[in-house]
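**Student:** turn this into a structure:
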Amino acid sequence: MRGLLTPATMVLASGSARRRELLAQIGITPDVIEPAGIDETSRPRELPRELVARLAMAKAEAIATRHPRAFVLGADTVVSVGQRVLPKPYDEASARRCLQLLSGRAHQVLGSIVVLAPDGQRANRLVITRVRVKRLVPAEIEDYLSSGEWHGKAGSYAIQGCAAAFIPHINGSYTNVVGLALAETRAMLTGLGFPCPLIQSL
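**Tutor:** Numbering: from 1, shown residues only. Reported below is the predicted structural model:
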């Protein structure tokens, strides 16, 4: 029931399967998964880091009003070339344009993380990873488009999939590029009192 969760309960304000999988890697399973469903349209002249921070906070705050006694984790990811934010395409034409733009150059993946605690404390963090894409020949772009992996992905690629073959170098958090910077997320949660499980060796 909404609003009647224990203080140790976590609500993930995202429907992203990738974020759920990443959290599972460090032993965290959200008790509730509830996408915020906010408008993610950028504002005029809004910079990429402003956009991603605003969206992550808006997602977390929207869900926190429904679950005031829970820890709420909100996150957003954008891919930018310079100050241009690339879309999450749902058609091949848009995805092709993104891949052509990324080809042979570096870009930034900006991830914003927000944690709202039931006692009113909050933490937010911006994580930036620099990613270089090799020069793509037209056949590589078309093969990747045919895979369908790009669908709905920020910047039109998934580094954890076959697009890894296009990326010779990254500088920064790999999990940030996948969808959620894990080291920063865990530090924020523990800092606000959420009982994260201990990471044990196999």
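
**Student:** what is the helix or strand in which Val72 is found packed up against?
**Tutor:** In the assignment (DSSP states H and E), Val72 maps to strand 71-81. Counting by 3 or more CB pairs under 8 Å, 6 or more residues apart in numbering; DSSP states H and E, the packing neighbours recorded for strand 71-81 are strand 10-12, helix 48-64, strand 84-86, strand 106-116, helix 182-191. C-beta coordinates here come from the backbone N, C-alpha and C atoms, glycine included.

**Student:** if you count contacts, what does the last one end up packed against?
**Tutor:** Counting contacts by 3+ CB pairs under 8 Å, 6+ apart, helix 182-191 is packed against helix 17-25, strand 71-81, strand 106-116, strand 122-132, helix 174-178.

**Student:** tell me where the model's unsure across this structure.
**Tutor:** Applying pLDDT under 70 to the chain picks out residues 1-7, 199-202.

**Student:** quick check: Ile179 touching Leu23?
**Tutor:** Just so we're on the same page, residue 179 is Gly rather than Ile. No. Gly179 is beyond contact range of Leu23, at 10.0 Å (criterion: CB atoms under 8 Å).

**Student:** ok, the two, which is more surrounded?
**Tutor:** Ranked by neighbour count (other CB atoms under 10 Å), Gly179 and Leu23 place Gly179 first, with 26 against 22.

**Student:** how about the residue nearest the centre of the chain, nearest residue that isn't a chain neighbour?
**Tutor:** Central residue of the chain (CA atoms, centre = their mean): Gly179, 3.3 Å from the mean position. Of all residues not flanking Gly179 in the chain, Arg18 sits nearest, at 3.9 Å (CB to CB, 6 or more residues apart in numbering).

**Student:** mind listing what that neighbour touches?
**Tutor:** Counting by CB atoms under 8 Å, 6 or more residues apart in numbering, Arg18 makes contact with 160, 178-180.
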